[in-house]
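**Student:** Dropping the sequence and predicted coords here.
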Amino acid sequence: MRQAGVISAAANRIKRRAPDRAGKNDAACHATLARRSRLAYRDALTDIPTMKHKPILYVKSGCPWCVKALEFFNRHGVDLEVRDVLRSKEAMNRMVQISDQTKCPTFEHGEFVVADFSVDEFMDALAHQPDIARTLGINIDEA
């Protein structure tokens with residue numbers, strides 16, 4: 001539903017701009033409209049919530065909670081960037097910066113951060129952020 005409204009708004013913007021070529025050359029006018037329509041459609045699609053950046057899961061080698069979190073995300077087909085904080089000082093620094101702690105697993109997706117969680121705790125946090133759940137492709141009711 002949201003997509004159709006965005007595309008309609010983009011189409012209206014095109015119609016308002018089209019008269020600048022009207023009457024000069026109908027073929028050129030139609031070509032301009034077609035090009036603008038394609039561009040507006042592409043731009044409208046970018047307004048649909050998608051993952052522009054992969055979510056990041058900060059883990060520690062050998063951490064049983066991290067293993068369970070990875071299994072959960074794999075089962076739900078979430079494409080993650082996994083960063084081992086024991087092997088990368090930069091990853092540890094980033095995790096501390098976003099979560100103010102050093103425990104794993106820690107999940108980051110834009111402004112959505114869940115630190116030191118079990119799968120149940122992650123699902124509780126996700127239940128309060130349905131847009132994030134949709135973006136990740138996780139159905140809260142079925143998980």
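**Tutor:** Yep, it's here.
**Student:** Pop the domain breakdown of the chain in here.
**Tutor:** Here the domain parsing of the chain from automatic domain parsing is 2-46, 56-136.
**Student:** Sketch out the helices for this structure, chain order is fine.
**Tutor:** Using DSSP state H, the helices of the chain run over residues 2-17, 26-46, 64-75, 89-99, 119-127, 130-136.
**Student:** re earlier: pick out the shakiest of the domains of the chain, pLDDT-wise.
**Tutor:** Confidence, taken as mean pLDDT, is least for domain 2-46 of the domains of the chain (a mean of 49).
**Student:** which residues does D84 bridge with?
**Tutor:** V59 (DSSP bridges).
**Student:** list the contacts for it?
**Tutor:** With contact set as CB atoms under 8 Å, 6 or more residues apart in numbering, D84 has these partners: 59-61, 91. All C-beta spots, glycine's among them, are computed from the backbone N, C-alpha and C.
**Student:** For stretch 106-124, list every residue counted as buried.
**Tutor:** 106-109, 112-115, 117, 119, 122-123 (16 or more other CB atoms under 10 Å).
**Student:** I'd assumed F107 was in contact with I132.
**Tutor:** No. Assessed by CB atoms under 8 Å, I132 is found out of contact with F107, at 10.0 Å.
**Student:** shared neighbours of those two, which are they?
**Tutor:** Counting by CB under 8 Å, 6+ apart, no residue touches both I132 and F107.
**Student:** out of the contacts of D84, who has the most neighbours?
**Tutor:** Ranked by neighbour count (other CB atoms under 10 Å), the contacts of D84 have V59 at the top, with 23 neighbours.
**Student:** Compute the distance between that one and I140, please.
**Tutor:** The gap separating V59 from I140 is 23 Å, by CB to CB, to the nearest Å.
**Student:** Check V96 too.
**Tutor:** Counting by CB to CB, the gap from V96 to I140 is 29 Å.
**Student:** go on, L80?
**Tutor:** When distance is defined by CB to CB, L80 is 18 Å away from I140.
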